[in-house]
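Undergrad: Model the following, please.
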Amino acid sequence: WRGWLSRVRLGLLLGWRLSSPCVAALVRSRLPLVGFGAVGRLESAWVLLGGLLSGGLPFFYGVLSGWRRALDVSLSRNTS
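TA: Residues are numbered from 1 along each chain as shown. Model prediction:
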């Protein structure tokens, strides 16, 4: 379980590191782009989507790989 938790924590940390610049860019881009209407909203949506993807993928990878590893360990304990 300790390995699983460390992988989840690593995924969270990596996701936060990757998505925080995109979120900061989104906050900065909201201010000047308000006057442009739909174009500004579209660009902000792309920035937000990029932040979610770059932050979410490492997090889910960390969770899934840690869960799979814990499952492998429990299965090997049951068979031995």
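Undergrad: element containing the closest residue to residue 5 other than its chain neighbours, please.
TA: Nearest residue to residue 5, sequence neighbours excluded (C-beta to C-beta, 6 or more residues apart in numbering): residue 66, at 7.4 Å. Every residue, glycine included, has its C-beta placed from N, CA and C. Applying DSSP states H and E as the criterion places residue 66 in helix 38-79.
Undergrad: The residue nearest to residue 5 contacts residue 60, doesn't it?
TA: No: using C-beta atoms under 8 Å, residue 66 makes no contact with residue 60, being 10.7 Å away.
Undergrad: Neighbour count: these two, which is higher?
TA: Of the pair residue 66 and residue 60, residue 66 is the one with more neighbours under other C-beta atoms under 10 Å, namely 20 against 12.
Undergrad: Next one: the residue nearest to residue 5 from residue 6, what distance?
TA: 8 Å (C-beta to C-beta, to the nearest Å).
Undergrad: same deal with residue 67?
TA: 13 Å.
Undergrad: For residue 6, give its distance to residue 57.
TA: 18 Å.
Undergrad: Those two: which has the busier surroundings?
TA: More crowded of residue 6 and residue 57, by other C-beta under 10 Å: residue 57, with 15 against 12.
Undergrad: which stretches of the protein have low pLDDT?
TA: 1-4, 11-48, 51, 53-56, 79-80 (pLDDT under 70).
Undergrad: ok, how many other residues are close to residue 73?
TA: By other C-beta under 10 Å, the residues close to residue 73 number 13.
Undergrad: Same question for the one 4 residues further on.
TA: Residue crowding around residue 77 was assessed by other C-beta under 10 Å; the count is 8.
Undergrad: Pull out the buried residues from stretch 58-72.
TA: Residues of stretch 58-72 classed as buried: 58, 59, 62, 65, 66, 70 (neighbour count, 16 or more other C-beta atoms under 10 Å).
Undergrad: In CSV: those, plus distance to residue 78.
TA: Compiled in CSV, the buried residues of stretch 58-72 are given as follows (distance: C-beta to C-beta, whole Å):
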residue, distance to residue 78
58, 30
59, 29
62, 25
65, 21
66, 19
70, 13
